[in-house]
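In: Kindly generate the corresponding structure for this input.
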Amino acid sequence: MGNSFGKLFKLISFGESHGKVIGGVIDGCPSNIEIDFDYIQNKLDKRKPGQSDITTDRKEDDKLEILSGVFENKTLGTPLAFIIKNKSYDSSTYKKNKDFYRPSHADFTYQKKYNIRDYRGGGRSSARETISRVVAGSIADIILRKYNIEIYSYVSKIYDFSLDLNYSNIDRETIEKNILRLERYR
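Out: Now for the predicted structure:
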């Protein structure tokens, strides 16, 4: 029942969709890695809500705040803690959901996992929780670029929607044209 990902480079995420913050702690980040905050913010901007017809219209800035583990834009090798503040976290409108599970949401599985009902917009099972993974993934990407390692990923199919390309023919332009904002990771 954990909220951690990875072994050598480990992310522990915290926060809820309608809590004050979403954040994480990265353990295993090497020292002396220069952090490109513009690069991380660019990735956060691509995942934030309100950008297309298929996302929530919730408006959030999604601005990264590093709490520890970085000095003079370089990692210290100690746990790196970060938060992103939720400015739109008034969950009073979700009280109407208290007595039923919303279709196409993870309300039921959340209750089964944590043995408690949090009807405030999905809690830990909200897409908002992916923020911590975007930050950690961006930092991992920055580390890998030091070693000239590039990782590309994309979603090839969701139900009837298909990119219909062989993975060897995928490029950034093709991915960026997609409404799902599929991304090429370097």
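
In: From now on I want contacts and neighbour counts done on CA atoms only, so please keep to that.
Out: Noted.

In: and the lengthiest helix in the chain, average pLDDT?
Out: Longest helix of the chain, by residue count under DSSP state H: helix 130-145. Helix 130-145 shows a mean pLDDT of 94.

In: next SSE after that helix?
Out: Per DSSP states H and E, the first helix or strand lying C-terminal to helix 130-145 is strand 157-158.

In: Would you mind identifying the next helix or strand past that following strand?
Out: strand 161-162.

In: Give the pairing partners of that following strand; include direction for each.
Out: Strand pairing for strand 161-162, using DSSP bridges, gives strand 157-158 (antiparallel).

In: circling back: what's next to the longest helix of the chain, contact-wise?
Out: 11, 13, 22-24, 26, 33, 35-36, 39-40, 43-44, 47, 84, 150-151, 185-186 (Cα atoms under 8 Å, 6 or more residues apart in numbering).

In: and those residues, which are buried?
Out: 11, 13, 22-24, 26, 33, 35, 40, 43-44, 47, 84 (16 or more other Cα atoms under 10 Å).

In: Secondary structure class of E65, three-state.
Out: For E65, the assignment made with DSSP: H, G, I helix; E, B strand; the rest coil gives strand.

In: which residues does it bridge with?
Out: Beta-bridge partners of E65, as defined by DSSP bridges: I83.

In: just checking, it touches N86?
Out: No: at 12.0 Å, E65 does not count as touching N86 under the criterion of Cα atoms under 8 Å.

In: Many thanks, have a good one.
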